[in-house]
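Novice: Please work out how this folds:
(chains A and B)
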Amino acid sequence: MMIDRRLVEYFDWWMLALTAAIVTAGLVALYSAVNAGGGGGQSALFGRQLIWYGLGMMVMITAFIINYKSYERWGHLFYFLCIGLLIAVLLIGKYVGGSKRWLTMGPMSIQPSEIVKLAVIIMLAKYYARVVRPDGLQLRELVTPVIIIAIPFVLIVRQPDLGTAMVIALIAGSMTLYVKIKRGTLTGLIASGTLAVPLVWIFLKGYQKQRILTFLNPDRDPLGAGYHVIQSKIAIGAGMISGKGFLKGSQNSLDFLPEQHTDFIFSVLAEEWGLIGAGFVLLVFLLLITWGLQTAQRNRDPFGTILAVGVTMMIAWQVFINIGMVMGLLPVVGVTLPFFSYGGSSVITMMAGVGLLLNVSMRRFMFEK
Amino acid sequence: MRNYLESVDTDWFNQRLVGVLVAVVLAFTVLSIRLLYLQLFEGRELRRLSEINSIRLQDIDAPRGMICDRNGTTVVDNRPAFNVYIILKDAKPIDETVARLAQLLNESPEILMATIQENRKRGGYTPILLREDIGRDIMAAIEVHKFELPGVQVRVSPRRHYIYDTHAAHLLGYMGEISQEELQGSPFDDCKGGDFIGKFGVEKAYEADLRGKRGGRQVEVNATGQVVRVLKTVPAQPGQNIYLTIDEQLQKRAEALLQDRAGAAVAVEPDTGRILALASSPAFDPNLFVAGMTRDRWNELVSNPFRPLENKATQAEYPPASTYKIVTAIAGLEEKVIDAKTTFYCPGFYKYGNRAYRCWKKSGHGEVNLVKALAESCDVYFYQVGEALGVDRMAKYARAFGLGAATGISLDREGKGLIPTSDWKKKRFGVPWQGGENLSIAIGQGFNLVTPLQMASLAAAVGNGGTRYSPYVIEKIQTADGVVTFQNSPREDGKIKLHAENLALVRQALWQVVNDPKGTAWQSRIQGLPFSGKTGTAQVVSMPKASDGSSGEIDALPKDHAWFVAYAPSEHPKIAISVIIEHGEHGSSAAAPVASALIRAYLGDYQP
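Specialist: Coordinates of the predicted model:
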């Protein structure tokens, strides 16, 4: 195979450097999270995360070596595979702490609801690239996207994993707004959506209402989510300007959070590295997201542009929701912090996402005159 | 023109991107402001709170549901137990604190320190349990000295209490610490390691109803670990109370009658299936399991040759012996192999092939018809009925009475028993059924196996005119507030298709068993309270061995098992009973008196 010299020339070193910075910071925080307080048998998780990053690198390289136009052509196969996995989760998934989210394959467990985000992004990009028009989409053009989103959404809600389902809806929603909906259609959608909420509420069962209310308001669960938020806020605040120092975080060492190495890892970081560390991480995330949008801007192919926006929005929403949640601004919804939270499926998904961005960025010359 | 409008170009996309970028920057601004607020503005206060981990959670244990009998008499409840914990991070200086505490507990400090060392790695803020159930006096002493005992906590938690010790032990069951595997399972989502859950009996079968839901408190503590204020409380939800169908008095009577013997007694209401008594002997004391069983005690229970942990009423399977002749008689009548007038001559044995099958009465019964054969339990008569019927036709009626299948009572691994057929034997052993085996089956020996519960149900069905009811022990379940969440009701398992005159004939014979001077249970009759029954004496092949080689307290010579099944009164019965006494020798001398005493206890003031 001939390698076009421009592929090397156009390689996006900035994107790679920003990712490397984030991954490094994430690993440092994870090391603290699993080792503080005597480890409690979790220190092995750090090694496992390194292995996941090894796999993640391979996935990333694969994701950017293959011309992304192939993803446009074959995206639906990936999508159906992911839907198959989600169905498998409901049928034979591993039951942990009240929900079924994992598929066990030998020594590893995967969480298909993470990977399906990418499938939805590719499918939507493929569809929108075909129908996008300057005056915006009409209602009948929104039927297909709604089906694309609804299938995984419902399957994930059934697990139940409201947080991930919501993230998928948010990513898809922002992509749709990006390609523009006709003003009248949008107004109509918002109006009918507002009207539908109370109607849906009436038809929900008691325990479903409880679950949603607790999901939205952690104070309703003072022994679970509510307690975690209090401890998380204490941890973050206790970091003050310069932090307590590496491995010196006392909140973390209490094992106060069952999810300190997954959902609440930002609190561990903020306690040990203070405003300086947490601010730095926020800044790098902002740069990465801006760079992702820059990638979208520089590509002249509608599919590439929309794909880049989708992947960037995936990172942006998760960063915003996760950090907002651990600081007590948003409900505790169990959304992971990209590149920080422990978990193979999350790592693979994020690395694949970066691979796609690199891909779109690198092949922009193909559409130049 | 139209073409232009329908195509999008790079500029259009870039314009749309500006909106996205603005939204992202806004979101990050919000996050930054919040971060600044927490770390700069509230930083000092939050750091202070973090230093001593001052916001903590404390569990509030849910009281487990109570278990009551049919009249509402409580048989299992909870009593408060005071447990002493230490939180290492608060207990400073640790040596002095432990020394002071040891003095109050009347324990050596070394032993306490050893417990602490064992649990050290669980983290400095996890309370370590030092002593359970310390009693009010010591609890009061610790509370008085609490300022000299930083990090020491006394917590009250409800502890299971079986009020009458061994009473109904097998039915009520016992509890034990939750295992690692159980913790993984979905029914135990709200459990933690160290929790006690039902492991046997009603405690196990109705665990989900009894357990309740743990609550908790968010508290703020000071530097010595004392609670300064309670921030939030989630009250524990008590478990649901269970009302059994058991009649307390009858159950106690049954247990007293089985005292010092190995065996079981079951009493049911014939026209509902309600179980009135379900006793198994020897029993165990479920209270011994509450604090955690010691290895020695456990070994003692497990190695006891009389199997105290087994619920003999539902789990043990015995040959039905002559009580099975009820089935053989009905099968013979229904299949028209015999009728009321059929007689056989009994010389004390029956020659089949080149073997003589003996009657229990060596001198023989002479000329016998069906009623006499049942009343006096003539084996020779039934050998010939069995020979004519064959095993498969007998099995059909045994099955119709519910033998060979679990009754569906919701307790532990219920014994199914065994009702053989020729097909079954072919499959199981690969050899065809032998004609001589029909003779053994007819008198309830051979492969036949039944549980005492199945036999009580059989007696009930004969007594009520041929309707089978599923036996049940749970009358209702209600919340602590008295809201009934489950109300049981009699469940018919179907009518047995019988001709009324055939059943009447058998019932007349069963009446004679007790009320005819020649009947095998004549000795156990009750004056003015006619009841019906059937004795049985099951041959024992292998004998249990006591682990220490001695025969133990219970006489364990190789004697036969004694059976008696009965219903009373003979007309419109109110109670059906089965009794088995292991190695009791004769149904007439060992089992029938027990059943008779139970009937007297239950129907003492009965007026016909």
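
Novice: show me where chain A has helices.
Specialist: Using DSSP state H, the helices found in chain A span residues A:5-9, A:13-35, A:44-65, A:68-92, A:112-131, A:143-157, A:162-179, A:183-203, A:206-216, A:225-238, A:250-253, A:265-298, A:302-326, A:344-362.

Novice: In a markdown table: those helices, plus distance to residue B:490, mean pLDDT and mean neighbour count.
Specialist: For the C-beta atoms, the positions are set from N, CA and C on the backbone; glycine is no exception. Listed next are these as a markdown table, based on distance: least, Cβ to Cβ, whole Å; pLDDT from 0 to 100; neighbours: other Cβ atoms under 10 Å in any protein chain shown:
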| stretch | distance to residue B:490 | mean pLDDT | mean neighbour count |
| --- | --- | --- | --- |
| helix A:5-9 | 81 | 77 | 11 |
| helix A:13-35 | 59 | 93 | 19 |
| helix A:44-65 | 56 | 92 | 16 |
| helix A:68-92 | 39 | 93 | 16 |
| helix A:112-131 | 48 | 94 | 23 |
| helix A:143-157 | 42 | 94 | 17 |
| helix A:162-179 | 44 | 93 | 21 |
| helix A:183-203 | 38 | 88 | 10 |
| helix A:206-216 | 32 | 77 | 13 |
| helix A:225-238 | 47 | 88 | 25 |
| helix A:250-253 | 59 | 66 | 28 |
| helix A:265-298 | 59 | 94 | 23 |
| helix A:302-326 | 54 | 95 | 26 |
| helix A:344-362 | 53 | 94 | 25 |
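
Novice: Same list (these) but as CSV, adding distance to chain B.
Specialist: Converted to CSV, the helices of chain A look like this (distance: least, Cβ to the nearest Cβ, whole Å):
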stretch, distance to chain B
helix A:5-9, 19
helix A:13-35, 13
helix A:44-65, 15
helix A:68-92, 14
helix A:112-131, 10
helix A:143-157, 17
helix A:162-179, 6
helix A:183-203, 13
helix A:206-216, 12
helix A:225-238, 3
helix A:250-253, 5
helix A:265-298, 5
helix A:302-326, 5
helix A:344-362, 13
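
Novice: Can you lay out those as JSON lines showing distance to residue B:163?
Specialist: Below are those laid out as JSON lines (distance: least, Cβ to Cβ, whole Å):
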{"stretch": "helix A:5-9", "distance to residue B:163": "82"}
{"stretch": "helix A:13-35", "distance to residue B:163": "49"}
{"stretch": "helix A:44-65", "distance to residue B:163": "49"}
{"stretch": "helix A:68-92", "distance to residue B:163": "46"}
{"stretch": "helix A:112-131", "distance to residue B:163": "51"}
{"stretch": "helix A:143-157", "distance to residue B:163": "48"}
{"stretch": "helix A:162-179", "distance to residue B:163": "46"}
{"stretch": "helix A:183-203", "distance to residue B:163": "48"}
{"stretch": "helix A:206-216", "distance to residue B:163": "36"}
{"stretch": "helix A:225-238", "distance to residue B:163": "38"}
{"stretch": "helix A:250-253", "distance to residue B:163": "46"}
{"stretch": "helix A:265-298", "distance to residue B:163": "49"}
{"stretch": "helix A:302-326", "distance to residue B:163": "50"}
{"stretch": "helix A:344-362", "distance to residue B:163": "53"}
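
Novice: right, and those - which one's nearest residue B:527?
Specialist: Proximity to residue B:527 (Cβ to Cβ) singles out helix A:206-216 among the helices of chain A, at 60.7 Å.

Novice: quick one: that closest one to helix A:225-238, angle?
Specialist: Helix A:206-216 and helix A:225-238 are oriented at 10 degrees to each other (axes from the mean of the first three to the mean of the last three Cα atoms, to 10 degrees).

Novice: Centre of the chain to helix A:206-216, how far?
Specialist: Computed by Cα atoms, centre = their mean, to the nearest Å, the chain-centroid distance of helix A:206-216 equals 23 Å.

Novice: To residue B:323, which of the helices of chain A lies closest?
Specialist: helix A:68-92 (48.5 Å).

Novice: And the contacts of the closest one?
Specialist: The contact list for helix A:68-92 (Cβ atoms under 8 Å, 6 or more residues apart in numbering or on different chains) reads A:100-103, A:110, A:112-113, A:115-116, A:118-120, A:122-123, A:125-126, A:129, A:148, A:151-152, A:155-156, A:158-159, A:303-304, A:307, A:356, A:359-360, A:363.

Novice: Would you mind measuring from the residue in chain B that chain A sits nearest to to residue A:225?
Specialist: Chain B approaches chain A most closely through residue B:46 (2.9 Å), counting by Cβ to the nearest Cβ. Distance, residue B:46 to residue A:225, by Cβ to Cβ, to the nearest Å: 19 Å.

Novice: and what of residue B:47?
Specialist: According to Cβ to Cβ, residue B:47 and residue A:225 sit 23 Å apart.

Novice: What of residue B:98?
Specialist: To residue A:225, residue B:98 is 36 Å away according to Cβ to Cβ.

Novice: Repeat that for residue B:419.
Specialist: Remark: distance between residue B:419 and residue A:225 (Cβ to Cβ) = 57 Å.

Novice: Kindly report the same for residue B:12.
Specialist: For residue B:12, the distance to residue A:225 (Cβ to Cβ) stands at 43 Å.

Novice: With residue B:295 instead?
Specialist: 42 Å.

Novice: Pull the contacting residues for residue A:65.
Specialist: Shown in contact with residue A:65 (Cβ under 8 Å, 6+ apart): residue A:359.

Novice: Apart from its neighbours in sequence, what residue is nearest residue 57?
Specialist: Here I'm looking at chain A. Among residues not flanking residue A:57 along the chain, residue A:351 sits closest, at 6.7 Å (Cβ to Cβ, 6 or more residues apart in numbering or on different chains).

Novice: nope, chain B please
Specialist: According to Cβ to Cβ, 6+ apart, the nearest residue to residue B:57 is residue B:216 (5.4 Å).

Novice: Determine the angle, from 0 to 180 degrees, between the one helix or strand the one you found maps to and helix A:225-238.
Specialist: Assigned by DSSP states H and E, residue B:216 belongs to strand B:215-221. Counting by the same axes, to 10 degrees, strand B:215-221 lies at 20 degrees to helix A:225-238.

Novice: most residues in a single strand of the chain, which one?
Specialist: All of this is about chain A. As assigned by DSSP state E, the longest strand anywhere in chain A is strand A:99-105.

Novice: wait, chain B
Specialist: strand B:74-86.
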